[in-house]
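In: Provided below for reference: sequence and predicted model.
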2 protein chains.
Amino acid sequence: MSEPKPVRNVLYIMCDQLRRDYLSCYGHAHLHTPNIDRLAAAGVRFSRAYTQGTICGPSRMSAYTGRYVSSHQVAWNAVPLPLEELTIGDYLRPHGIRTALVGKTHATPNLEALQRLQINPDSAQAEPLNEVGFDAYLRHDGIYPDSPLFEDKRESAPYTQYLRDHGYHGSNPWHEWANAAEGENGEVLSGWHMRNAGKPARVAEEHSETVYTTDRAIDFIDEQGEQPWCLHLSYIKPHWPYIAPAPYHALYGTEHVQAPIQPEHTSDHPVYQAFRQHQESQNFSRDEVRLTVIPTYMGLIKQIDDQLGRLFDFLQSTGRWDDTLIVFTSDHGDFLGDHFLGEKEFLLEPAVGVPLIVRDPRASADISRGTVDERLVETIDALPTFLDALGLPAADHRLEGRSLIPLLQGAQPTWRRYAIAEYDYAFQAPARERLEQPIDRCRMTMVRSERWKYLAYDGFRPQLFDLENDPQELHDLGSDPAYAEVRETHLGYLFDWLRGLKRRTTISHTEVELRGQWFRYGEPEAEKVVKIGVW
Amino acid sequence: MSEPKPVRNVLYIMCDQLRRDYLSCYGHAHLHTPNIDRLAAAGVRFSRAYTQGTICGPSRMSAYTGRYVSSHQVAWNAVPLPLEELTIGDYLRPHGIRTALVGKTHATPNLEALQRLQINPDSAQAEPLNEVGFDAYLRHDGIYPDSPLFEDKRESAPYTQYLRDHGYHGSNPWHEWANAAEGENGEVLSGWHMRNAGKPARVAEEHSETVYTTDRAIDFIDEQGEQPWCLHLSYIKPHWPYIAPAPYHALYGTEHVQAPIQPEHTSDHPVYQAFRQHQESQNFSRDEVRLTVIPTYMGLIKQIDDQLGRLFDFLQSTGRWDDTLIVFTSDHGDFLGDHFLGEKEFLLEPAVGVPLIVRDPRASADISRGTVDERLVETIDALPTFLDALGLPAADHRLEGRSLIPLLQGAQPTWRRYAIAEYDYAFQAPARERLEQPIDRCRMTMVRSERWKYLAYDGFRPQLFDLENDPQELHDLGSDPAYAEVRETHLGYLFDWLRGLKRRTTISHTEVELRGQWFRYGEPEAEKVVKIGVW
């Protein structure tokens, strides 16, 4: 009998704005995703996985650092990550594991810190910092607006060049071909306008973003040969612009759209009510918008599933399926009109719940293959899981997530009692101004326990939902006196969480222990180096 | 009438381990400190000032960053400050204000971060980082032990060279002359042994550390001429080794030693009881130790006061008294046997209370000269005070302290309801092991309100003291059912504080506001750059 194969590689697949319930393995009635389901059948599907931030930047930085948003401080998109936050690459690269990116990170260079440290932001020294630790094999962060402000970035983007090389011309081929449809008279109909969602994109499917991204991932893996690697394959889709290449634009119709969660009596919570005033919320509250957008959203997911089928076939044909840990997830969901909201800036399930499937190829994980795990898991668990699978040391003084490997192996460790997510609406001037909140008092925090979801707000009463009896979050119990004790318990969890954030990150536990012995008090005087308190 | 002079310079004087009540202006019956009292008469004396950490490193990093220990993360001595924490020099230097150090900072190079950022730790680029933002005109961090482990540092220290230049020879003149006495047969009696505290140091007073440090401060100020500066004059004394040069070793006798605070019935709190087992606590609980050490501790303070008199005379003779903001404080206190404790690692008043005197030379502060301000102020208030006095912008997204300038000008702003201090005994192996606490659950946090002091402990019940009726903290009300409500209120303050820590430090409030307007939702579609949610 041969030695069991170790895990040598990590494939960390992330979709953007993919709702958990838009996969057949998570229960969608009409959208069949056989390839993602194949991964779930070969691994473990986590039914209650949560992102730590419901927009791209915060969520992704939690994924890459293994830390909560309040720890890594990227409270919103385009907020720089502190240079000293260590990311996946920092942990893996010293052990000879090439850690690369194909797709999106939403990383923003920390120019102020670079300048203060006298590091040229265009230098090789700055590059891994600007790319939050990834070797940017292909960075593809999603379309830049058709505005002169973004022209430089767009021109230097590999996908712009790729489109030009394949005959898609114009000043912004990314917008004009990949994210636009064509009108009856040949006019460009922008994908930025949701009314155009039902039309086919002008780009051929084989040159569309999802295929292009998959191609590059296969190239990368192929090039590594037998060298170990960690690849973050990060699709920009099904994130808006909601427009899909043929045939994916027309695979689904209004008859395949799930009924929206739109309760007759909504919560009167001021923050929720303010978010309902946003333009995307008002638009998505209309059936016309939902029924135009959602079939295309489904088509974009179907395309990803097809491409993942191709990728998984490639892994199987090259042997990589057997020595690679595969994690599939999303950075956050999409309201799509549920709760009369659009986008994802609120901590209800359609936004904060994410799919999470983990496949460990080792025999030690056979016990759990094809099972569904209901424990509360978080996006920050990915990095500790990678370290564990690769046999690398944990970093308990920094990492706030937990390895999922023991769960895959059938263990029943004491597990977390609650999951946390955060959102900061300081950056959304209309809601902040309407609510008259100062710029540093616009935070909402989710504490999700086995049964309850508690949402804390700076300056406003909490919300509370009983997910056991009200999984759609239709009844806000946040001001109901009958639930005062439940709220108090969850406020206690919030305190416990805040208290537990890692705030001693520049020194390891091992080093603390060494120092503790070194400066040992009460030992024989003669052996003390620093003779504190000696008579 | 001439224009009022602005504040051009800042003199930030810090003593090390100076107890608040060991100055005559703070009420000491026998120790007269007329020069420090002169400063208090010319400014405002804060009677309830608190350090944020009771040992050197944490306290000083709070002073230099304007942030709580949990924010800057330097939980103990010799823990590196994250490179991205901005310090006094970072705020002042861009405005042309030379920000220099004469004395101690307890800064530790962040070698791990420097290495990761590919910055040579010996380079000019690293120097301001290694010196936590100061221009190290003279770094004098206190004596290095007489061990080969520290030989390199000792040899490169300016004071070692200074002593050699003045005829003090030997392998470690710092130890053998400045911090040692001489026995009857010429043998060196180490100041590390408290039994030798009553004897005169072998160094002449004019070459002792306190005079040497003052000399260099005067040199620095003199050299600046009319250029603006900020000087951190940071005395290593009256910190141990407790040994003073003549005549200061003999100015005070046992009759001048205040009665200790040693209650008949001490608290049964497990953490307190564990700290009582430390060697320095056991030694300081003995009268022999206290009566030998304290007169010398007083002498060391008297020497500082004399030297400050010389410095203040110099400032007055050169006009600097009139355009310099002067702050006098200490990094923490010293138990000296009170509560049967030695050293300062516990959050009772003798350790956590610090002197704080602020003199603003401007006419706008005349209203408060010579007054005592009882508001709760913190060490982290220094940096915001400097910025305010110098007319520089605040950094609300990072700074957690508050400017004291409005208080000096007689304003009555809404003020903080509580002061915070922290200590982490993970580094003290005996207490941690005795208490069976994991390495990240060894924190104690003080919440000091107008009337009460509440001490929270990881894993143990809190302590509570009524400082109005029990200013000596003799009666621990931490488990008394009658005070459950007071404890609950203070636990609420602790939560409020944790929640309020600044966790969005890489982006300014101004920038958040700009972004909020830029990505404004609900505005006319045509004006949106990123067309989110547009139909």
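Out: Yes, it's here. Numbering: from 1, shown residues only, chains lettered A, B, ... in the order given.

In: make it CA atoms for all contacts and neighbour counts henceforth
Out: Noted.

In: which residues sit against stretch A:273-292?
Out: Under the criterion CA atoms under 8 Å, 6 or more residues apart in numbering or on different chains, residues A:194-195, A:197-198, A:254, A:257, A:267, A:336-338, A:340-343, A:346, A:431, A:434-435, B:521-522, B:532-535 lie in contact with stretch A:273-292.

In: restricted to helices, list those residues.
Out: Among those, the members falling in helices (DSSP state H) are A:431, A:434-435.

In: any residue of stretch A:14-22 up close to chain B?
Out: No. Figure legend: stretch A:14-22 not in contact with chain B (CA under 8 Å from any CA of the partner chain); closest approach 13.5 Å.

In: let's test this: mean pLDDT of that stretch, rounded?
Out: The pLDDT scores in stretch A:14-22 average 98.

In: one more: stretch A:396-405?
Out: 98.

In: got the contact list for that stretch?
Out: A:65-68, A:360, A:378-389, A:501-505, A:507-509.

In: let's see 6 Å
Out: A:66-67, A:380-381, A:384-385, A:502, A:505, A:508 (CA atoms under 6 Å, 6 or more residues apart in numbering or on different chains).

In: ok, stretch A:247-260 next?
Out: Counting by CA under 6 Å, 6+ apart, A:30, A:200, A:291, A:295-296, A:299, A:338 sit against stretch A:247-260.

In: just the residues you listed now: which is nearest chain B?
Out: For these, the closest approach to chain B (CA to the nearest CA) belongs to A:Leu291, at 12.4 Å.

In: avg pLDDT for stretch A:275-289?
Out: Throughout stretch A:275-289, pLDDT has a mean value of 95.

In: return the set of buried residues in it.
Out: Within stretch A:275-289, the residues scored as buried using 16 or more other CA atoms under 10 Å in any protein chain shown are A:275-285, A:289.

In: ok, longest strand in chain A?
Out: Of all the segments of type strand in chain A, defined by DSSP state E, the longest one is strand A:229-238.

In: who does it touch, helix- and strand-wise?
Out: Applying 3 or more CA pairs under 6 Å, 6 or more residues apart in numbering or on different chains; DSSP states H and E, we find strand A:229-238 packed against strand A:9-16, strand A:98-103, helix A:287-318.

In: close to chain B: what parts of chain A are there?
Out: For chain A, the residues in contact with chain B (CA under 6 Å from any CA of the partner chain) are A:70, A:73, A:192-195, A:278-280, A:427-429, A:503-504, A:512, A:516, A:522, A:531, A:533-535.

In: coming back round to it: and the contacts of stretch A:273-292, which of them are buried?
Out: For these, buried by 16+ other CA under 10 Å: A:194-195, A:197-198, A:257, A:267, A:336-338, A:340-343, A:346, A:431, A:435, B:521-522, B:532-535.

In: so of those, which ones are in strands?
Out: Per DSSP E, strands hold no members of the buried ones among the contacts of stretch A:273-292.

In: quick check: which ranges of chain A have low pLDDT?
Out: Along chain A, the model assigns pLDDT under 70 to residues A:1-4, A:519-527.

In: residue nearest the centroid of it?
Out: A:Asp331 (2.0 Å; CA atoms, centre = their mean).

In: next, give phi and psi for that residue.
Out: Note on A:Asp331: backbone dihedrals following degrees, to the nearest 10 are phi -80, psi -20.

In: got it, and A:Leu138?
Out: Per degrees, to the nearest 10, the backbone of A:Leu138 is at phi -150, psi 120.

In: partner residues bridging the nearest residue to it once chain neighbours are set aside?
Out: Among residues not flanking A:Leu138 along the chain, A:Val102 sits closest, at 4.6 Å (CA to CA, 6 or more residues apart in numbering or on different chains). Note on A:Val102: beta-bridge partners A:Leu138, A:Leu233, judged by DSSP bridges.

In: look up how far A:Asp135 lies from A:Val102.
Out: According to CA to CA, to the nearest Å, A:Val102 and A:Asp135 sit 9 Å apart.

In: these two: who's more crowded?
Out: Between A:Val102 and A:Asp135, counted using other CA atoms under 10 Å in any protein chain shown, A:Val102 has the larger neighbour count: 26 against 19.

In: now do the same contact list for the residue nearest to the centre of chain A.
Out: A:16, A:59 are the contacts of A:Asp331 under CA under 6 Å, 6+ apart.

In: OK, contacts around A:Arg38?
Out: By CA under 6 Å, 6+ apart, no residues touch A:Arg38.

In: tell me which element it falls in.
Out: helix A:34-42 (DSSP states H and E).

In: the inter-axis angle of that helix versus helix A:287-318?
Out: 60 degrees (axes from the mean of the first three to the mean of the last three CA atoms, to 10 degrees).

In: in helix A:34-42, which residues are buried?
Out: Neighbour counts using 16+ other CA under 10 Å place A:34-37, A:39-42 of helix A:34-42 among the buried residues.

In: I'd like these as CSV, with distance to A:Leu231 appended.
Out: Supplementary listing: the buried residues of helix A:34-42 in CSV, determined by distance: CA to CA, whole Å:
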residue, distance to A:Leu231
A:Pro34, 22
A:Asn35, 19
A:Ile36, 18
A:Asp37, 21
A:Leu39, 17
A:Ala40, 19
A:Ala41, 22
A:Ala42, 20
